[in-house]
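J.: I'll drop the sequence and a predicted model, then ask my questions.
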2 protein chains.
Amino acid sequence: MPREKKYNEEEVIEKAMALFWKNGYRNTSLRMLSKEMGINQFSINASFGNKQKLFLESLKLYRSKLQKLINALKNASNGIESIKDFFYQFAEFANQNNSKNGCLMVNTMSEFGLDVDKKVGIIISNYEEQLRTLFKHNLELNSIKDNQTIERHTNYLVLALSGLALATKIQNEITINDYIETTFQHF
Amino acid sequence: MPREKKYNEEEVIEKAMALFWKNGYRNTSLRMLSKEMGINQFSINASFGNKQKLFLESLKLYRSKLQKLINALKNASNGIESIKDFFYQFAEFANQNNSKNGCLMVNTMSEFGLDVDKKVGIIISNYEEQLRTLFKHNLELNSIKDNQTIERHTNYLVLALSGLALATKIQNEITINDYIETTFQHF
DNA sequence: TACAAAACTAATCAAATGATTAGAAACAAA
DNA sequence: TTTGTTTCTAATCATTTGATTAGTTTTGTA
């Protein structure tokens, strides 16, 4: 066993994710990544292949962070109130340290639309599907709505969440809170 | 008076706008613009100065197109129903010819966040302010809500509209309609 | 027809980008 | 110590980018 890597791949990918989150895919260059990650371009290639693959790993890491919020929703049983709590936690997550970075998933959707890379697209749709299932489940918990209404409300909540993510990039906290409160006043 | 321009500036800026709308600012190169507009890079510079200024003119043109929808809302007097009509027209506008391009304003907000060019930012905030005023006015028309509630609902509708713009880039028509219907069921 | 002013074409510039190369440095095993 | 494998550094590659240049063409006026 010869020379060991100076860096920890988990650690450097955390920095890559932060940069992609802040700037988007196309506006993050390998030189910026190299500087931020503290390793040179060759090492990025050696560890991750290329920029696209590095982004994919960054998105996976981001997803795993989001998963913690989602798990809280999974274990909740308060119906619509649990979903509302999730919205507030999500808003805080999307604007941690007043970063105004929004959500990396939603940012990526917005940057690429339907022309997104296939593997990236799968991660995003898996995430959306998981959200949809959890929202639906919680909507069924404490209501007597018919299936069609539940389906409609589920669709609504999924879009409302991505709208919230977008909003955190530019709006102030009051507007954000107004938005969440009004969203859940309907139920 | 010597040679006349071969092209009409109004016409070529329409094509530039379409390209920026589809691809965003950074992912639209001057060569793509040159090809689409049918004039070479030098002529783009001669007519508009540089890429940034061309984008600004494109955004102004986009804004003037949106203004037609807004004027319909201005002349309406049906309160919340008028706002709902506006949402449907906006959704159709953002997805005309099944383009999935969303809204150029919202796309720009998402691409640049708060780091947006100053002049571009002014156009966007003017637009948002106009929306806010019209929403507020229509909310006051047919309701007995207190001022605080109207303010909150106004904030809600502004964010709901940008969320709708984002959604049209990726979601199908059913989900979009569910979203609009549920949004206005609250009132 | 000759001239002048503006618009045109095509080529080119410097800078930035993603990716790769050549060679030096590190280090466990023999 | 020597060897072989791997990581590291720094330089470089070909493209693409926004912008500009040099020189040609067009066209109204004198």
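T.: Yep, it's here. Numbering: from 1, shown residues only, chains lettered A, B, ... in the order given.
J.: spatially nearest residue to the closest residue to chain B within chain A, not counting backbone neighbours?
T.: Across chain A, the shortest distance to chain B (C-beta to the nearest C-beta) belongs to residue A:163, at 2.1 Å. Using the backbone N, CA and C atoms, a C-beta is placed for each residue, glycine as well. Residue nearest to residue A:163 in three dimensions, not counting chain neighbours: residue B:163, with 2.1 Å by C-beta to C-beta, 6 or more residues apart in numbering or on different chains.
J.: which helices and strands does the strand or helix carrying that neighbour pack with?
T.: Per DSSP states H and E, residue B:163 falls inside helix B:147-168. In this structure, helix B:147-168 makes packing contacts with helix A:104-112, helix A:147-168, helix A:173-185, helix B:80-94, helix B:104-112, helix B:118-141, helix B:173-185, judged by 3 or more C-beta pairs under 8 Å, 6 or more residues apart in numbering or on different chains; DSSP states H and E.
J.: how about 7 Å then?
T.: helix A:147-168, helix A:173-185, helix B:80-94, helix B:104-112, helix B:118-141, helix B:173-185 (3 or more C-beta pairs under 7 Å, 6 or more residues apart in numbering or on different chains; DSSP states H and E).
J.: could you give the average pLDDT over that helix?
T.: Helix B:147-168 shows an average pLDDT of 97 in the prediction.
J.: near chain B, which residues of chain A?
T.: A:26-27, A:100, A:107, A:109-110, A:113-114, A:152-153, A:155-156, A:159-160, A:162-163, A:166-167, A:169-171, A:175, A:178-179, A:181-182, A:185-186 (C-beta under 7 Å from any C-beta of the partner chain).
J.: now these: which count as buried?
T.: Buried members of the residues of chain A next to chain B, counted by 16 or more other C-beta atoms under 10 Å in any protein chain shown: A:107, A:109-110, A:113, A:152-153, A:155-156, A:159-160, A:162-163, A:166-167, A:169-171, A:175, A:178-179, A:182.
J.: ok, and what's touching the one helix or strand residue A:14 maps to?
T.: According to DSSP H and E, residue A:14 maps onto helix A:9-23. If you take C-beta atoms under 7 Å, 6 or more residues apart in numbering or on different chains as the criterion, helix A:9-23 is touched by A:28, A:32-33, A:36-39, A:47, A:54-55, A:57-58, A:61-62, A:101, A:104.
J.: which one of those residues is nearest residue B:130?
T.: When those are ranked by distance to residue B:130 (C-beta to C-beta), residue A:101 comes first, at 27.7 Å.
J.: about what we covered before: could I get the helices and strands packed on helix B:147-168 as CSV with distance to residue A:130?
T.: Shown next, in CSV, are these (distance: least, C-beta to C-beta, whole Å):
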stretch, distance to residue A:130
helix A:147-168, 11
helix A:173-185, 20
helix B:80-94, 26
helix B:104-112, 23
helix B:118-141, 32
helix B:173-185, 16
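J.: for those, which one sits closest to residue A:133?
T.: Of the helices and strands packed on helix B:147-168, nearest to residue A:133 by C-beta to C-beta is helix A:147-168, at 8.8 Å.
J.: what angle do the closest one and helix A:118-141 make?
T.: Helix A:147-168 runs at 120 degrees relative to helix A:118-141, counting by axes from the mean of the first three to the mean of the last three C-alpha atoms, to 10 degrees.
J.: low-confidence stretches in chain A?
T.: Along chain A, segments meeting pLDDT under 70 span A:1-3.
J.: residues from it in reach of DNA strand D?
T.: A:2, A:3, A:4, A:5, A:6, A:7, A:39, A:40, A:41, A:42, A:43, A:46 (C-beta under 7 Å from any atom of the strand).
J.: burial of the third one, as a residue count?
T.: Yep, that's residue A:4 we're talking about. 6 (other C-beta atoms under 10 Å in any protein chain shown).
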